[in-house]
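Undergrad: All I have is the shape, not the residue letters:
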């Protein structure tokens, strides 16, 4: 699976997060769902200031990132466990990035 546009790749990842959350019974608020698509460089994203403020009241950046990163990780693990890596076309890199 390849993506020609950043927005298409983002929609794919967001759908994986939402699917995993639903499967685990982990609810995501309207503000959290909106901010999943946030991108500083994404021309298709229109920031809703009210939802951004709602998210800031609901949780810290660290709490939101922890929740979402866990869902992404478990969605990946589920896909690998189901042997769906061929379908995904190797889009997930399991190596940790190096910093520095």
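TA: Received, thanks. What you see is a predicted model, and the numbers here were worked out from it, not measured in a lab.
Undergrad: Return the backbone torsion pair for residue 27.
TA: phi -80, psi 140 (degrees, to the nearest 10).
Undergrad: Look up how far residue 34 lies from it.
TA: Going from residue 27 to residue 34 by C-beta to C-beta, to the nearest Å gives 14 Å. Where C-beta positions appear, they are placed from N, C-alpha and C, glycine not excepted.
Undergrad: which one of the two has more residues nearby?
TA: Neighbour tally, residue 27 and residue 34, criterion other C-beta atoms under 10 Å: the higher count belongs to residue 34, 19 against 9.
Undergrad: Buried residues of whichever strand or helix holds the more buried one, list them for me.
TA: Per DSSP states H and E: residue 34 is located in helix 30-36. For helix 30-36, burial by neighbour count (16 or more other C-beta atoms under 10 Å) applies to 31, 32, 33, 34, 35, 36.
Undergrad: residue contacts, the last one?
TA: Under the criterion of C-beta atoms under 8 Å, 6 or more residues apart in numbering, the contact partners of residue 36 comprise 14, 17, 18, 28, 68.
Undergrad: before we move on, which element is the last one in?
TA: In this case it means residue 68. helix 61-81.
Undergrad: Rounded mean pLDDT for that helix, please.
TA: What helix 61-81 shows for mean pLDDT is 92.
Undergrad: Mark which of the contacts of residue 36 are buried, thanks.
TA: For the contacts of residue 36, buried by 16+ other C-beta under 10 Å: 17, 18, 28, 68.
Undergrad: Pull the residues that contact the helix or strand harbouring the second one.
TA: Using DSSP H and E, residue 18 maps to helix 6-24. Helix 6-24 is touched from outside by 1, 3, 26-28, 33, 36-37, 39, 41-45, 68, 71-72, 74-76, 78-79, with contacts defined as C-beta under 8 Å, 6+ apart.
Undergrad: what about 6 Å?
TA: Helix 6-24 has contacts (C-beta atoms under 6 Å, 6 or more residues apart in numbering) with 3, 28, 36, 37, 42, 44, 71, 72, 74, 75.
Undergrad: That'll do, ta.
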